[in-house]
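>>> one predicted model, sequence on top.
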Amino acid sequence: MKKFDRRSFIKTSSLSAAAIASPFSLENCINPKAATNGIYMGGYAAPKIPNLRAAFIGVGARGGDHLKVLASIKNTEVVAISDLYEDNVIRWKKIAFDIGKGQRHQNIATYYGEENLWKTMLKEVKPDVVFIATNWKNHAPMVIKSMESGAHSFVEVPIATTLKEMWGIVRTSEETQKHCMMMENVNYGRTELMYLNMCRQRVIGELLHAEAAYIHDLRFQMEEQKRGTGSWRTHHYANGKGNLYPTHGLGPVAQYMNIARTDDNFKSLVSYSTPALGRKKYAKKNYASNHKWNQLDYQNGDLNTSIIKTQLGRTVMIQWNETSPRPYTRHNLIQGTNGVLAGFPSRVALEGGFEGLTEDHHSWIQGEALELLYEKYDHPLYKRLNQKTQNSGHGGMDGIMIHRIVECLQQGLPLDQNVYEGCFWSAVTPLSGASITQEGAPQQFPDFTLGRWKETAPLGIVS
């Protein structure tokens, strides 16, 4: 066990400040269009790993949940855990050991008490796969180093915060032939999977327009002042710009539309934000005038709206708001020539109606009536894995995601979400910021595939 004197360094949020300052190699993306020695990862299937050795960086919240699910899957082994805080590491080591019942997860290397021990972990343990759930700024250096160390990397959203980092991740994945998947768990929700199945079956005809959002009042996180998400995320409301968290809503609708897979791709984006009022008001109301949250100059608008135009001329509206008092929503709307699928609440309208429930598209199929739709169009992946994962996070979607990741790696299958998709979806953040800075001027999406997205088959309805 690696132990360091915790008083010898400044305590910050889990794996944050020092790691952010640490340099990592991005030479391979100075000229993004330059030739690469790597291979295209769009439909890449890595060699099978029948017995999967997994390491975890960051187990304060999401990382621990992922560990718990993976540890319960056959032919997996938790081999290392790294976190800034000792209590996080000890807790999740015990949980993994107990899940293994003395048969697996017995020799878990632990690393805590210094910012960069995750690098030591990679060097000493050499895991097959690394799961990363840390501060956003750490994502790019950690996934790049993990792949360079010979491990497939799976990282919480967003995959990175800058376009330069995204190019670096793409190039590293191509040159090491290691997967890098952004863990967009919402793509594995029951309704999202059903809508994907319905789109593939062309129930709503040709796809025209989508609406996606992450509207979630997270002001309560400002209470996490020394460690936890709020301790670092709050600063993004002051220093960030544009849509800081686009992928929960965008990931599913992008897969409905086959974005970056044969059919279509993002082309350009325009973006506007409201004034930034809510965080300042909340801080003034709840904290002393000399409190650190009242010393921040909150610049990022409370609500951001962006519009994406695709290569085929289709449109996607994306909204983000983590500050205003309103109910949670991701919108999750996809409009076709024969009908519309929508979320929050889930509802469907089809031209000509549906099996006696509705006569035409002027009435929603919703509530209990939706059960007939689930019966007919439930995604086979959900039906197969739901019983195994229903006690995992976010209504079971987290568990389905981890099971599917392990399944793909053990069986040597392409991943459901490739490295390019993670970059296209995450690119909304820097592009929306640039559009706002330029008074709403359109921003062109970089093509992280260099045109090869046309070679990538649509995500199938895997069973």
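On my side now, so go ahead. Residues are numbered from 1 along each chain as shown.
>>> what's the mean pLDDT across stretch 169-179?
Confidence for stretch 169-179, expressed as mean pLDDT, is 98.
>>> give the buried residues for it.
169-174, 176, 178-179 (16 or more other CB atoms under 10 Å). Backbone N, C-alpha and C define where each C-beta goes, glycine included.
>>> which of those residues lies closest to Leu52?
Nearest to Leu52 among the buried residues of stretch 169-179, counting by CB to CB, is His179 at 12.4 Å.
>>> ok, how many other residues are close to the nearest residue to that closest one once chain neighbours are set aside?
Among residues not flanking His179 along the chain, His152 sits closest, at 4.2 Å (CB to CB, 6 or more residues apart in numbering). By other CB atoms under 10 Å, the residues close to His152 number 27.
>>> pretty sure His152 sits against Val130.
Yes. Between His152 and Val130 there is a contact under CB atoms under 8 Å: 7.4 Å.
>>> find the residues that touch each one of these two.
Common contact partners of His152 and Val130 (CB atoms under 8 Å, 6 or more residues apart in numbering): Ser146.
>>> where does the stretch 251-400 of the chain have low pLDDT?
393 (pLDDT under 70).
>>> show me the helices in it, by range?
With DSSP state H, counting those that start in this stretch, the ranges of helices along the stretch 251-400 of the chain come out as 278-286, 370-377, 380-389, 397-411.
>>> swap in the stretch 51-200 of the chain?
62-71, 86-100, 117-125, 139-148, 163-176, 190-200.
>>> now those in TSV, with distance to Tyr256?
TSV is the format used below for the helices of the stretch 51-200 of the chain (distance: least, CB to CB, whole Å):
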stretch	distance to Tyr256
helix 62-71	25
helix 86-100	35
helix 117-125	36
helix 139-148	25
helix 163-176	23
helix 190-200	4
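>>> pick the most deeply packed of the ones you listed.
helix 139-148 (a mean of 25; mean count of other CB atoms under 10 Å).
>>> helices and strands around that one, which ones?
helix 117-125, strand 129-132, strand 152-155, helix 163-176 (3 or more CB pairs under 8 Å, 6 or more residues apart in numbering; DSSP states H and E).
>>> in CSV: those, plus distance to Phe56.
Formatted as CSV, the helices and strands packed on helix 139-148 follow (distance: least, CB to CB, whole Å):
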stretch, distance to Phe56
helix 117-125, 9
strand 129-132, 5
strand 152-155, 10
helix 163-176, 19
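>>> in three-state terms, label Gly230 for me.
helix (DSSP: H, G, I helix; E, B strand; the rest coil).
>>> distance check, it against Gln299.
18 Å (CB to CB, to the nearest Å).
>>> and what of Lys178?
37 Å.
>>> same thing with Thr120?
Taking CB to CB, one finds Thr120 at 37 Å from Gln299.
>>> can I get the helices of the stretch 251-400 of the chain in CSV with distance to Val78?
As requested, the helices of the stretch 251-400 of the chain are exported to CSV (distance: least, CB to CB, whole Å):
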stretch, distance to Val78
helix 278-286, 38
helix 370-377, 34
helix 380-389, 18
helix 397-411, 12
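>>> give me whichever of those is most buried.
Of these, helix 397-411 is the most buried (mean count of other CB under 10 Å), at a mean of 22.
>>> what's that helix in contact with?
46, 48-50, 52, 65-66, 69-70, 73, 75-76, 128-129, 152, 154, 179, 181, 183, 185-190, 192, 381-382, 385-386, 388-393, 413-416.
>>> go again with 7 Å.
46, 48-50, 52, 65-66, 69-70, 73, 75-76, 129, 152, 154, 183, 185-186, 188-189, 381-382, 385, 388-389, 392, 414-416 (CB atoms under 7 Å, 6 or more residues apart in numbering).
>>> who does the nearest residue to Met257 once chain neighbours are set aside bridge with?
In this structure, Met257 finds its nearest non-sequential neighbour in Leu207, 5.5 Å apart by CB to CB, 6+ apart. Leu207 has the following beta-bridge partners by DSSP bridges: Gly336.
>>> hmm, Leu207 is touching Ile259, no?
No. Contact between Leu207 and Ile259 fails when scored by CB atoms under 7 Å: they sit 10.4 Å apart.
>>> hang on, the earlier thing: against Arg233, how distant is the residue nearest to Met257?
On the measure of CB to CB, Leu207 and Arg233 end up 33 Å apart.
>>> over to Ile49?
Ile49 is 34 Å from Arg233, by CB to CB.
>>> one more: Asp264?
32 Å.
>>> that older thread, who has more neighbours, Leu207 and Ile259?
Ile259 (26 against 21).
>>> contacting residues for the more buried one?
Here Ile259 is in contact with 265-266, 424 (criterion: CB under 7 Å, 6+ apart).
>>> pick the one among the residues you listed closest to Asn304.
Once CB to CB is applied, the member of those that ends up nearest Asn304 is Phe266, at 16.8 Å.
>>> next, count neighbours for the residue nearest to that closest one when sequence neighbours are not counted.
Excluding its sequence neighbours, the residue lying closest to Phe266 (CB to CB, 6+ apart) is Phe445, at 4.4 Å. The burial count assigned to Phe445 is 21, neighbours taken as other CB under 10 Å.
>>> Leu450 is nearest to which of the helices of the stretch 51-200 of the chain?
helix 163-176 (9.3 Å).
>>> quick check: angle from that closest one to helix 139-148?
10 degrees (axes from the mean of the first three to the mean of the last three CA atoms, to 10 degrees).
>>> which helices and strands does helix 163-176 pack with?
helix 139-148, helix 419-426 (3 or more CB pairs under 7 Å, 6 or more residues apart in numbering; DSSP states H and E).
>>> please parse this protein into its domains.
6-24+39-183, 187-455 (automatic domain parsing).
>>> from the buried residues of stretch 169-179, pick the one nearest Ile307.
Val170 (25.1 Å).
>>> tell me which element the nearest residue to the closest one once chain neighbours are set aside is part of?
Spatial nearest neighbour of Val170, excluding adjacent residues (CB to CB, 6+ apart): Phe448 at 5.0 Å. Phe448 belongs to no helix or strand when assigned by DSSP states H and E.
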